[in-house]
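Student: quick one, fold the following:
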Amino acid sequence: MSNPEVLIDRELAYPVFVIFCGQVTGCSAVSRSYSGASEEGDTLSPDTRASFPTRVARFQDAFWRFLRPHTIRGTIIGTTAVVVRALIDNSHLIDWGLLPKALRGLLALLCGNGYIVGINQIYDIGIDKVNKPFLPVAAGDLSIPAAWALVLSLALLGVIIVATNFGPLIMGLYSFGLFLGAIYSVPPLRLKRFAVAAFLIIATVRGFLLNFGVYYATRASLGLAYTWSPPILFITSFVTIFATVIAITKDLADVEGDRKFQISTFATKLGVRNIAFLGSGLLLMNYLGAIVAACILPEVFRKGFMVVSHSLLSAALIYQTWLLDASKYSKEAIAVYYRFIWNLFYAEGSCNSLSPTQFCELNNTKIIYLPIFNKWVR
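Tutor: Numbering: from 1, shown residues only. This next block holds a predicted model:
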């Protein structure tokens, strides 16, 4: 039987300039379209016979799955929370003329996110055929050359946006994030093979780099020097720990494929049940820290809102963990649990940035109250 890793390496060896293998989708390797032509003569594949709008629609669907939508939502919500925090601290400097620049910055972050998750799919084809057969490259809905074209285009677009809109520090942080994303997946380092290195990379990129970089860029755009504030320290610390939880629980459903391809994760080493409880435990500690922070710094955080919201989220997490344990860690239950972890992440970002409960007029200007930060903002 052929070694799956060897087959992957052979597919990756085809030139990346063969962009779509003569098709938009439906060709998992260049060799398949060539072999089909040699064996069947002039017979066209179903994708070749499909109309152009159909092929475009298939490509759009494959491209969207290729971008991993749940990570896109996480990036948008997390970024919004940090930007809103910076604006709340300096509401007198809010300038709607900066909105296009902010949107370009968000686009750059989404490009970086797409590059990282995309290059991981290119080098994880064999594993994904076992663990995540629905992903477009593993499913054959997006060719390897097309995937390469997409990730390189996303990286290039992101770098151009950052280089032309932000300073050298942000450019350095952005490039460092792309570098970490590459060494996570790409041989010979391929640090995802090592449990500690893998979770450190994910926590660094999604936790520290994202929050620090966005906050720094926002203050710089407002003409302010960088300073840490208690709310930003809270958000950065909270999200970094949360990213750690995501990093260790994302592998719960992938134990079979990871063991087959000798990928060392906490789940393969310590067991699915232990890691599920560890992830839930870390997240509960995170919520407890948020409650304590609100009690210690009532002038910074809205104590009642923080205590009630994080208590409810804690209770929901405990219940979901109990359901997972009661299901004996079936694949379906693990998928629900991991999706719930991301929903908690979205909820936290929404609490930080989208929780106005009161409106009023001040000098003919409408202002809203953001309870988690105990402040009014125009």
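Student: and the nearest residue in space to residue 141 that is not next to it in sequence, how many neighbours?
Tutor: Spatial nearest neighbour of residue 141, excluding adjacent residues (C-beta to C-beta, 6 or more residues apart in numbering): residue 62 at 4.3 Å. Where you see a C-beta, it was placed from the backbone N, CA and C, and this is true even at glycine. Here the count is done by other C-beta atoms under 10 Å, and residue 62 has 24 residues near it.
Student: remind me what the host helix or strand of residue 62 packs against, helices and strands.
Tutor: According to DSSP states H and E, residue 62 maps onto helix 52-66. Judged by 3 or more C-beta pairs under 8 Å, 6 or more residues apart in numbering; DSSP states H and E, helix 52-66 is in contact with helix 99-123, helix 136-139, helix 144-165.
Student: what angle separates the last one from helix 99-123?
Tutor: Yep, that's helix 144-165 we're talking about. 150 degrees (axes from the mean of the first three to the mean of the last three C-alpha atoms, to 10 degrees).
Student: most tightly packed of the helices and strands packed on helix 52-66?
Tutor: The highest mean neighbour count among the helices and strands packed on helix 52-66, using mean count of other C-beta atoms under 10 Å, belongs to helix 136-139: a mean of 22.
Student: OK, contacts around residue 225?
Tutor: Neighbouring residues of residue 225 by C-beta atoms under 8 Å, 6 or more residues apart in numbering: residue 219.
Student: confirm it sits in a helix?
Tutor: No. Assigned with DSSP: H, G, I helix; E, B strand; the rest coil, residue 225 falls outside any helix and is coil.
Student: just the pLDDT for it.
Tutor: For residue 225, the pLDDT comes out at 90.
Student: going forward, count from 23.
Tutor: Will do, 23 is the new start, and the previous item becomes residue 247.
Student: residue 149 is in contact with residue 283, correct?
Tutor: Yes. Using C-beta atoms under 8 Å as the test, residue 283 is close enough to residue 149 to be in contact (5.0 Å).
Student: looking at these two, which one has more neighbours?
Tutor: Per other C-beta under 10 Å, whichever of residue 283 and residue 149 has more neighbours is residue 149, with 23 against 17.
Student: would you list every one of the strands in the protein?
Tutor: Shown for the chain, the strands assigned by DSSP state E span residues 380-384, 387-392, 397-399.
Student: of all the helices and strands packed on helix 74-88, which lies closest to residue 278?
Tutor: Ranking the helices and strands packed on helix 74-88 by proximity to residue 278 (C-beta to C-beta) places helix 158-161 first, at 14.2 Å.
Student: name the residues that touch the closest one?
Tutor: Contacts for helix 158-161 (C-beta under 8 Å, 6+ apart): 47, 50, 84-85, 87-88, 143-144, 146-147, 150-151, 154-155, 164, 166, 169.
Student: got a PyMOL select line for the buried ones in these?
Tutor: Remark: buried members of the contacts of helix 158-161, expressed as a PyMOL selection using 16 or more other C-beta atoms under 10 Å:
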select buried, resi 47+50+84+85+87+88+143+144+146+147+150+151+154+164+166+169
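Student: now residue 155: closest residue in space that isn't a chain neighbour?
Tutor: Per C-beta to C-beta, 6+ apart, closest to residue 155 is residue 161, 6.0 Å.
Student: which residues does the most centrally placed residue in the chain contact?
Tutor: In the chain, the centroid-proximal residue (C-alpha atoms, centre = their mean) is residue 93; its distance is 3.0 Å. Residues near residue 93 by C-beta under 8 Å, 6+ apart: 135, 139.
Student: 10 Å instead?
Tutor: Applying C-beta atoms under 10 Å, 6 or more residues apart in numbering, one finds that residue 93 lies in contact with 132, 135-136, 138-139, 228, 268, 364.
Student: and if you look at residue 274?
Tutor: Each residue near residue 274 by C-beta under 10 Å, 6+ apart is listed here: 287-289, 293-295, 297-298, 301, 346, 351, 353, 355-357, 359-360, 363.
Student: how confident is the prediction for it, by pLDDT?
Tutor: Predicted confidence (pLDDT) for residue 274: 94.
Student: so what's it closest to, chain neighbours aside?
Tutor: Closest residue to residue 274 apart from its sequence neighbours, by C-beta to C-beta, 6+ apart: residue 356 at 4.8 Å.
Student: my guess is the one you found meets residue 347, correct?
Tutor: No. Counting by C-beta atoms under 10 Å, residue 356 does not reach residue 347; the two are 11.1 Å apart.
Student: please say which of these two ends up with more neighbours.
Tutor: Using other C-beta under 10 Å as the criterion, residue 356 and residue 347 rank with residue 356 on top: 20 against 15.
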